[in-house]
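# Okay, here's the prediction I keep looking at, along with the sequence it came from:
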Amino acid sequence: MGEPLVLLPAMMCDARVFGPQLAEMSPHFTLTVAPVTMGERIEEIASNLLDTLPRKFALAGLSMGGIVAMEILRRAPDRVTRLALMSTNALAETPQGAADFEPRIIKARSGRLDEMVAAFIPPEALAPGPYRGDVVALLTDMADNIGADTVIRQARALQRRRDQQAVLRRCKVPALVLCGAHDTLTPVKRHSFLSELIPYAELKIIDGAGHLPTLEQPAETTAALVAWMKQPFILQSRVEA
C-alpha cells in the first residue's frame, strides 16, 4: 500500500469532510484523519500531531488542515513523503483579517455557532448547484459536533498563523495543489501562486467545486489524490516534463 496518508480536515470539520475519499481510497491506502483541534496555535497543533503520527507519511490538508500541514513540513520535512494542499493559504493573516475574526468569535461565544460557520465559510464560497445546501448542512453539523470552544481555539490559531512561503520553496517531495474553481475564500489565483512556490508542484483546479471540493466534487478530488499518491518520488522539472 506504500506510505500511510494522513488527512487534515478544514476548520470546523471532522472526518466526514473526507467521507467520500475514505470510502474510495481505504481499500488501497492506509488512511488516517488527524484532527486539527489540539492546541492554541498552529505550531502547537502541528507539534502535538507529530507526537502521534507514523515515522513517515504522505500529508494532505484541506483549508486550515493545509496550514497545519505546512507547519508540519516546516518542523519535520524528513518525515513528510509527499504533500497535498487543498483550498488553503500560505500567507500569514493580515491585521484586518485577524480583526474580522472577532465578531465571528463573539457569535460562537453567544451560542450562535451556526452564524459563525456561515461567516467563515459562507454558502457563496461553495459552487452553485443542488447539493450546496446539503454541504452547508453537513458543515454546520460538523462544527456543532466539534463544539464552540474548539472552533474558537481554531479561529485564534488561524489569527496568529505564520507565513510559510519559505517552507514551500524548500519542499522537495511530490506535491499537489488543489482548489475548486468557485472558491471565493482561497481563489484559484492564490493556488496558482502556491503551486509556483513549490518546486515541481502540480496544480489541479476542480470545476463545479468551491472551498470544500472533497464534498462538492468527491470523485474528481479523489482521482487527483490517488494520482498524487502514485506519483514517483523522483521529480522532473516542469521544463523536462
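Thanks, I have the structure now.
# Pairing partners for the most centrally placed residue in the chain in the sheet, please.
Computing the C-alpha centroid of the chain and ranking residues by Cα atoms, centre = their mean puts Leu62 first, at 1.4 Å. Counting by DSSP bridges, Leu62 forms beta bridges with Met86.
# so who does it touch?
Counting by Cβ atoms under 8 Å, 6 or more residues apart in numbering, Leu62 makes contact with 7-10, 13, 17-18, 86-88, 212, 214. From N, CA and C alone the C-beta is placed, and that goes for glycine too.
# Between which two of those is the distance greatest?
For these, the farthest-apart pair by Cβ to Cβ is Phe18 and Thr88; their separation is 14.7 Å.
# CSV for the contacts of Leu62, including distance to Arg160 and secondary structure?
As requested, the contacts of Leu62 are arranged in CSV below (distance: Cβ to Cβ, whole Å; DSSP: H, G, I helix; E, B strand; the rest coil):
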residue, distance to Arg160, secondary structure
Leu7, 24, strand
Leu8, 18, strand
Pro9, 20, coil
Ala10, 18, coil
Cys13, 20, coil
Val17, 23, helix
Phe18, 26, helix
Met86, 22, strand
Ser87, 20, coil
Thr88, 16, coil
Leu212, 24, coil
Thr214, 26, helix
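# Make a markdown table out of the residues you listed and add distance to Asp114, pLDDT and neighbour count.
Listed next are those as a markdown table, based on distance: Cβ to Cβ, whole Å; pLDDT from 0 to 100; neighbours: other Cβ atoms under 10 Å:
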| residue | distance to Asp114 | pLDDT | neighbour count |
| --- | --- | --- | --- |
| Leu7 | 25 | 98 | 25 |
| Leu8 | 24 | 98 | 30 |
| Pro9 | 19 | 98 | 25 |
| Ala10 | 16 | 97 | 27 |
| Cys13 | 15 | 97 | 28 |
| Val17 | 17 | 98 | 25 |
| Phe18 | 22 | 98 | 26 |
| Met86 | 24 | 98 | 32 |
| Ser87 | 21 | 98 | 30 |
| Thr88 | 24 | 98 | 28 |
| Leu212 | 17 | 98 | 28 |
| Thr214 | 21 | 98 | 30 |
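# mind listing the strands for the protein?
Secondary structure of the chain, counting by DSSP state E: strands at 5-8, 31-33, 57-62, 80-86, 175-180, 202-206.
# which strands and helices sit next to the shortest one?
This means strand 31-33. In terms of contacts (3 or more Cβ pairs under 8 Å, 6 or more residues apart in numbering; DSSP states H and E), strand 31-33 is packed against strand 5-8, helix 19-25.
# What pairs with the shortest one, parallel or antiparallel?
Using DSSP bridges, the neighbouring strands of strand 5-8 in the sheet come out as strand 31-33 (parallel), strand 57-62 (parallel).
# Could you list the buried residues of stretch 64-75?
Buried residues in stretch 64-75, counted by 16 or more other Cβ atoms under 10 Å: 64-74.
# And for stretch 160-173?
For stretch 160-173, the buried set under the neighbour-count rule, 16+ other Cβ under 10 Å, comprises 161-162, 164, 167-168, 171, 173.
# can you check stretch 49-64 too?
Neighbour-count burial for stretch 49-64 flags 49, 53, 57-64 (criterion: 16+ other Cβ under 10 Å).
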